[in-house]
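Trainee: Sharing a sequence plus its predicted fold:
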Amino acid sequence: PTHHFTPSEPFPGDYAMRSHVTMLERLHKQFCAIDASRDGFIAESELSEALGPLFALGNFTTSFFAALDLDNDEVITFNEFAGGMTRLLANNVMDRLEFSFKMFDKDRDGSLSEEELYDALRALSSTGDVMVGEDVLREVCDALFTLMDEDGSGCISLDEYKLALTDNIQVHELFRRIGI
């Protein structure tokens, strides 16, 4: 027998759809709040103002902006903002790791150099409670890079990054050493 839905019954997946719409509405409100010029785009200066001075440390704002600006046109559209924030806030760890990788990949070549890793560590450690000296930060960066660059190519691929951050206890211990 075929079941016919009456108007009072929710359609299958209706809750998921309402939840998605609610999230998009919230993201749109956030987007509009950041878009101070009201031109329908977020400029890096607007994002920087919204994130505040704490995020200016270590060029975090610039990296965050670059990860959201998928077409490199120096503005963030609502679609770019919603897509990036959805990945960042997702329950899926791999989505969050992919987003953070894009944030740290400043030259957008699809891999992390040792200097990009160092910049990321400096930015992340500057927001924590532990004050880390440059020598300790460099030492941790060197050790992390060696652990993460499994194929010895001189750069960290997205797959190597994901694997190291999900499966390597030594990587987690090094992060803790610098307060991340």
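Mentor: Done, it's in. Small disclaimer: the values here were computed from a predicted structure and weren't measured.
Trainee: Residue 67 against residue 84, yeah?
Mentor: Yes - between residue 67 and residue 84 there is a contact under C-beta atoms under 8 Å: 6.2 Å. No exception for glycine: its C-beta is placed from N, CA and C like everyone else's.
Trainee: Overlap in contacts, these two.
Mentor: Residues touching both residue 67 and residue 84 by C-beta atoms under 8 Å, 6 or more residues apart in numbering: residue 99.
Trainee: Please pull out the lowest mean pLDDT helix or strand from the protein.
Mentor: Lowest by mean pLDDT, DSSP states H and E among the helices and strands of the chain is helix 14-34, with a mean of 78.
Trainee: any idea which helix or strand comes after that helix?
Mentor: helix 44-51 (DSSP states H and E).
Trainee: Restricting to C-alpha, output that next one in CSV.
Mentor: This file holds the C-alpha atoms of helix 44-51, laid out as CSV (Å, rounded to 0.1, in the frame of the first residue of the first chain):
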residue,chain,number,x,y,z
GLU,A,44,38.9,41.8,3.9
SER,A,45,38.8,45.1,5.9
GLU,A,46,35.2,44.4,6.9
LEU,A,47,36.0,40.8,8.0
SER,A,48,39.0,42.2,9.9
GLU,A,49,36.8,44.7,11.7
ALA,A,50,34.3,42.0,12.5
LEU,A,51,36.8,39.6,13.9
